[in-house]
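In: below: sequence and its predicted model.
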Amino acid sequence: MSTPPPDDRDDRSTPGDGDDILAVMPRLAQLSNAITRGRLVEHAIETAGITLDRPALSMLVALHLADKPLRISQIAEKMQVVQPHVTRQVQQLERRGLVHRIGDPNDRRVSLIEPTAKGATAADRYARTLIGWFTGAVAHWPEQDRQDLGRLLSRFADDVTTHLSTLDDAPPSD
């Protein structure tokens, strides 16, 4: 039995060739642009009554969600920024009474950072504002679709983050 000659149908994408991911890329860009241009973060900051810039608020939320005090290095790793940036933001948040330092029980030379009650309240208000907005955006979706979105988005974010971390370990290309 001979193999038929190739025709136009053989140009179709095959599983694993990346076309399925390539097809999603415009949607990821659309989502990013919609959130950024739609001023969602600024709207949530205003609605929550918080007067912080985006980086400081992101750090406050990250600390609040960590549910335990963190070292500067842990905050930097979690937020994927350099430690001096974290130090400046922590100092700003301290001046505002939104975070404070506590001693590390395992190493007296190190401080841990945690939100104050005021900081936790502000972070929670902001997060709830965002949650309310996103919940409203998908309120008309069937429950199963909302659950699938959460499950798949979590998996996607974890896998992309893990995969991107390998770039840090790769030698620089010429």
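Out: Noted; the coordinates are in hand. Owing to the predicted nature of the structure, the values given are computational and were not obtained by experimental measurement.
In: list the buried residues of the strand ranked longest in the chain.
Out: What stands out as the longest strand in the chain, according to DSSP state E, is strand 107-115. By neighbour count with 16 or more other Cβ atoms under 10 Å, strand 107-115 contains the buried residues 112-115. Quick note: C-beta positions are derived from backbone N, CA and C, even for glycine.
In: give me the contacts around it.
Out: Strand 107-115 is touched from outside by 60, 63-64, 68-72, 75, 90, 98-104, 123, with contacts defined as Cβ atoms under 8 Å, 6 or more residues apart in numbering.
In: hmm, try it at 6 Å
Out: Contact with strand 107-115 is made by 63-64, 69-71, 90, 99, 101-102, 104, as judged by Cβ atoms under 6 Å, 6 or more residues apart in numbering.
In: W133: which of these is nearest?
Out: Minimum distance to W133 across the contacts of strand 107-115 is 18.2 Å, recorded for H64 (Cβ to Cβ).
In: thought that closest one was touching A123?
Out: Yes: H64 is within contact range of A123, at 3.7 Å (criterion: Cβ atoms under 6 Å).
In: neighbour count winner among the two?
Out: The neighbour count for H64 versus A123, taken as other Cβ atoms under 10 Å, is higher for A123 (25 against 20).
In: just the element for R101, please.
Out: Assessed by DSSP states H and E, R101 sits inside strand 99-104.
In: helices and strands around that strand, which ones?
Out: Contacts defined by 3 or more Cβ pairs under 6 Å, 6 or more residues apart in numbering; DSSP states H and E place strand 99-104 against strand 107-115.
In: pLDDT averaged over the helix or strand encompassing A23, what's the number?
Out: Using DSSP H and E, A23 sits within helix 19-37. For helix 19-37, the mean pLDDT works out to 85.
In: what's the answer for stretch 53-65, then?
Out: For stretch 53-65, mean pLDDT is 91.
In: pLDDT of the lengthiest helix in the chain, averaged?
Out: Counting by DSSP state H, the longest helix found in the chain is helix 143-169. Averaging pLDDT along helix 143-169 yields 89.
In: likewise for stretch 94-107?
Out: The pLDDT scores in stretch 94-107 average 92.
In: perfect, that will be all.
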